[in-house]
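**Q** A structural model of the following input is requested.
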Amino acid sequence: MNITLVRGDITDQHVDAIVNAANSSLLGGGGVDGAIHRRGGPDILAECRALRASHYGRGLPTGRAVATTAGRLSARWVIHTVGPVFSAEEDRSALLASCYRESLRLADELGARTVAFPAISTGVYRWPMDDAARIAVQTVRSTETAVEETRFVLFDERAYEAFAEHVHMPTGGHSHSGVETGRDSDHGSGTAEEEPPSEEGAGGTSPEPAVPPKNQRRRAGA
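**A** Numbers count the residues shown, from 1 in each chain. Next comes the predicted model:
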C-alpha cells in the first residue's frame with residue numbers, strides 16, 4: 001500500500017472513497033463533516049437519514065463506519081466514521097484506531113482502492129495531533145487491506161508535519177510502505193475536523209462490526 005500525505009481540502013480529492021469525520025447523528029455538522037455535505041449535495045444526507053431510520057436509530061457508535069454515495073464529490077463513496085473525544089482520564093486510542101481499521105474494512109467491501117482520510121478527532125474532539133498521527137499511521141500500516149493508496153489529507157502545516165514525521169519513522173524492521181508526500185497549498189481548508197459530539201455519541205462506546213448499506217510530490221521510503 002502507498003501512503004500519501006497532502007496538505008489541502010479533502011473535498012477536492014479524486015479517490016474512490018472519502019472518509020468523513022462524522023458526528024454520530026450522521027446528519028452533518030461543522031468542519032470536514034459540514035464541508036463534505038455542502039460539496040457533496042443532498043444525496044449524502046438523504047442516505048444518512050435512511051441509515052438513521054433503519055440500522056442506526058440511536059446514531060452511529062464511536063469507532064464504527066458506514067458508507068453512502070459521494071454525491072457531487074469526485075469520489076464514488078463517502079465512508080462516515082465517528083472519532084472519539086479525547087480524554088486525559090480514559091484511554092480511547094483503541095476507538096480512534098478502530099475508525100481507520102473499520103473504514104479500510106468497509107473500503108474493501110465496496111471495492112475501493114484509493115481512500116482519503118482526514119486527521120480524525122484532532123479538531124474540536126481535541127486529540128493531540130502527534131498522538132493522532134501516530135495512531136493513524138500505525139493502524140493503516142498494520143491493517144490487512146486491498147486498498148492500494150491511503151491518502152491523509154491534512155488541513156494545515158502542523159498536521160502535515162506531524163503525519164510526515166510518523167510516516168517516515170522507522171518501523172522496527174518490518175517492510176515499509178511506499179510513501180508520497182506533497183503539499184497542495186492552494187486548497188488548504190483550514191477547518192476543524194469535527195463538530196462537537198452530539199448527545200448520542202460522547203466517544204466512550206466500544207466498536208462493533210459495521211454493517212454498511214450497500215501536487216507536487218516526492219517519493220520516499222516510509
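**Q** tell me which element residue 18 is part of?
**A** strand 17-21 (DSSP states H and E).
**Q** what are the pairing partners of that strand, and which direction each?
**A** With DSSP bridges as the test, strand 17-21 is paired with strand 77-81 (parallel), strand 114-117 (parallel).
**Q** quick check: mean pLDDT across that strand?
**A** Mean pLDDT, computed over strand 17-21, is 98.
**Q** hmm, back to that, and of the strands paired with strand 17-21, who's closest to residue 28?
**A** The minimum distance between residue 28 and these falls on strand 77-81, with 10.2 Å, by C-beta to C-beta. C-beta: built from backbone N, CA, C; applies to glycine.
**Q** And for that closest one, what's in contact with it?
**A** 16-22, 26, 36, 40, 44, 48, 60, 63-71, 99, 102-103, 106-107, 110, 112, 115, 120 (C-beta atoms under 8 Å, 6 or more residues apart in numbering).
**Q** Filter the residues you listed down to just the ones in strands.
**A** Using DSSP state E, the members of those that fall in strands are 17, 18, 19, 20, 21, 65, 66, 67, 68, 69, 115.
**Q** Tell me the one among those nearest to residue 124.
**A** Taking C-beta to C-beta as the measure, residue 124 lies nearest residue 21 of these, at 10.2 Å.
**Q** what's near enough to touch that closest one?
**A** 31, 32, 33, 81, 83, 118, 120, 121, 123, 193, 194.
**Q** Residue 68 reaches residue 49, doesn't it?
**A** No. Assessed by C-beta atoms under 8 Å, residue 68 is found out of contact with residue 49, at 10.0 Å.
**Q** pLDDT score for the nearest residue to residue 106 once chain neighbours are set aside?
**A** Distance criterion C-beta to C-beta, 6 or more residues apart in numbering; nearest residue to residue 106, sequence neighbours excluded, is residue 65 at 4.9 Å. Looking at residue 65, its pLDDT is 98.
**Q** Ok, residue 169 next?
**A** Note for residue 169: predicted pLDDT of 83.
**Q** and it, what does it touch?
**A** Residue 169 is in contact with residue 137, counting by C-beta under 8 Å, 6+ apart.
**Q** where does it land in three-state SS?
**A** Of the three states, residue 169 takes coil under DSSP: H, G, I helix; E, B strand; the rest coil.
**Q** Need the strands paired with strand 17-21 in a markdown table (columns: mean pLDDT).
**A** Listed next are the strands paired with strand 17-21 as a markdown table, based on pLDDT from 0 to 100:
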| stretch | mean pLDDT |
| --- | --- |
| strand 77-81 | 98 |
| strand 114-117 | 98 |
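**Q** Return the most buried member of these.
**A** strand 77-81 (a mean of 27; mean count of other C-beta atoms under 10 Å).
**Q** how about the CA coordinates for that strand, as PDB?
**A** Taking C-alpha atoms only, strand 77-81 is exported to PDB below (Å, rounded to 0.1, in the frame of the first residue of the first chain):
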ATOM      1  CA  TRP A  77     -18.400   6.700  -1.800                       C
ATOM      2  CA  VAL A  78     -18.200   8.600   1.500                       C
ATOM      3  CA  ILE A  79     -17.300   6.500   4.400                       C
ATOM      4  CA  HIS A  80     -18.600   8.000   7.600                       C
ATOM      5  CA  THR A  81     -16.800   7.200  10.900                       C
END
